[in-house]
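with the input below, show me the fold.
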Amino acid sequence: MISPELFNPQHSFVLRSILFILSTILCVVGAHRYLLRYVTSRREPRESLDRITIFADYEEVHLDIVAVHGLGAHPYYSWKSNGPPSDSAGAPEGDEAGINRLEHDDFLKKDFKNVRILSYSYNADWFVDASLSTASQKALTFLETFSEFREKTKKTPPILFIGHSFGGILVKYAIHSAHSDSRFGDISRDTVGIIFLGTPHQGSTISWIGEILARLTILSGSDATLLKLLSHGSPALLDLKRDFSTAVTSIINRKPLLVYSFYETLPTFRYGVSLGVIVGPQSATLDIGKHIPINTDHSGLNKCKTRKDDLYVKICSAIQNVKSILQQQSEPIARWIMGSDDPTHIFKHRVDHERARDKLRAYDNIGKWLIESTEFTAWSDVQECTRSTFWLRGGGELLDSQIFSIPIC
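Here you go, the predicted structure:
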């Protein structure tokens, strides 16, 4: 027989409260178990982290493209979207059919020859067994890894960084550190372009959701440090904005540096629930460079299914602009290095000339002005001297240079 006391309003309130608490606990436990299985199944093995992966390489490299994934993302899956079946050899075992624009033969590899395509993998985990290093520490590891990679491969071309979401924050820290640390001066000097894809320069209004989940699962090793950094109006992000601006301004004073900020225009949905626009235009754009809207959600900013995707077309346009700037920078130097097809007709040093020619093979119609100059012709035709010195003295522009031929007998 049911006791009448159970129908007492006070007792009913207590019972409902208990049921609510139990339901909440069950939901949290269920969500924790689901996320644990999902996240850990797509995690990169620890031994594969903090390294550079090569998707395309050439004997002669004119540009390094370095892609950096976001927080909680897989270094391979982050750049992969579902699409037509692919025979990509770089996909992890058991990978479903899809397109990774970094490795697929019909995407960047097809459109940009002599461009080395790379990605950087790092521990981006914040949920369960999370990484405890800060963003600045991760950026320093990135710089050390990338610098060692370039030194080991003996290829140090100009650099274009592509950072998705938190990956863009990592790139900003890296640019600032490279500018202030002489050990990485070559990376600061060689950086010619940055593409930000949905990078929360001023934080995100939904980072608090991750913070709550991280705090609820702290006993499982979750950590909210990086999520707190991404909170809207974060003081650390404001400091980074200042430091990054200082570094970029210094670089631009020496040479061109193109900056592109892509941002989403569609809300992100999870399990049928809208999370809104995760990184809106106000947070995803900077005071410098170009701002480019893309009709996609946050996760779609780093995935392309076809070559006709608006995102892919605009990213290719940005890369081509960087290459054009590089050609404009190299042309004045190339004019006096390149010339006659006969390596013995310039400097009279075959090896040096061939090396210079290989470096600048990508550029056309350069070098004739030096070879055809009166001074150079007179110098190269000297017969009475066994040795001679050709002295080329220039100012800011080689076109304004003065040429002196000094025979030495």
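
please make it C-alpha for all contacts and neighbour counts, starting now.
Noted.

could you report the neighbour count for Ile212?
By other C-alpha atoms under 10 Å, 13 other residues sit near Ile212.

any idea how far it lies from Thr296?
27 Å (C-alpha to C-alpha, to the nearest Å).

one more: Arg101?
In terms of C-alpha to C-alpha, Arg101 sits 17 Å off from Thr296.

okay, the two: which has more neighbours?
Neighbour totals were compared for Arg101 and Thr296, and Arg101 leads with 22 against 18 (other C-alpha under 10 Å).

I'd guessed the more buried one sits against Cys304; true?
Yes: using C-alpha atoms under 8 Å, Arg101 is in contact with Cys304, at 6.6 Å.

find residues that contact each of the two.
Lys80 (C-alpha atoms under 8 Å, 6 or more residues apart in numbering).

quick check: phi and psi at Val277.
As for Val277, its main-chain torsions (degrees, to the nearest 10) stand at phi -80, psi 110.

enumerate every residue touching it.
Neighbouring residues of Val277 by C-alpha under 8 Å, 6+ apart: Glu264, Thr265, Leu266, Pro267, Thr268, Asp297, His298.

mind running it again at 7 Å?
Going by C-alpha atoms under 7 Å, 6 or more residues apart in numbering, Val277 touches Thr265, Leu266, Pro267, Thr268.

so, low pLDDT: which residues of the stretch 101-250 of the chain?
For the stretch 101-250 of the chain, applying pLDDT under 70 flags the ranges 129, 208, 214, 218-220.

just send the contacts of Val277 back as a markdown table, with neighbour count, secondary structure and pLDDT too.
Shown next, in a markdown table, are the contacts of Val277 (neighbours: other C-alpha atoms under 10 Å; DSSP: H, G, I helix; E, B strand; the rest coil; pLDDT from 0 to 100):
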| residue | neighbour count | secondary structure | pLDDT |
| --- | --- | --- | --- |
| Thr265 | 18 | coil | 94 |
| Leu266 | 17 | coil | 93 |
| Pro267 | 17 | coil | 90 |
| Thr268 | 19 | coil | 87 |
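
just the strands from the stretch 1-150 of the chain, written as ranges.
51-56, 63-68, 80-82, 98-100, 115-121 (DSSP state E, counting those that start in this stretch).

out of the ones you listed, which comes closest to Val279?
Among the strands of the stretch 1-150 of the chain, the nearest to Val279 by C-alpha to C-alpha is strand 63-68 (17.3 Å).

show me what that closest one is packed against.
Other helices and strands packing on strand 63-68, by 3 or more C-alpha pairs under 7 Å, 6 or more residues apart in numbering; DSSP states H and E, are strand 115-121, strand 159-164.

averaged pLDDT, that strand. What do you get?
Taken as a whole, strand 63-68 carries a mean pLDDT of 96.

please consider this matter closed, and thank you.
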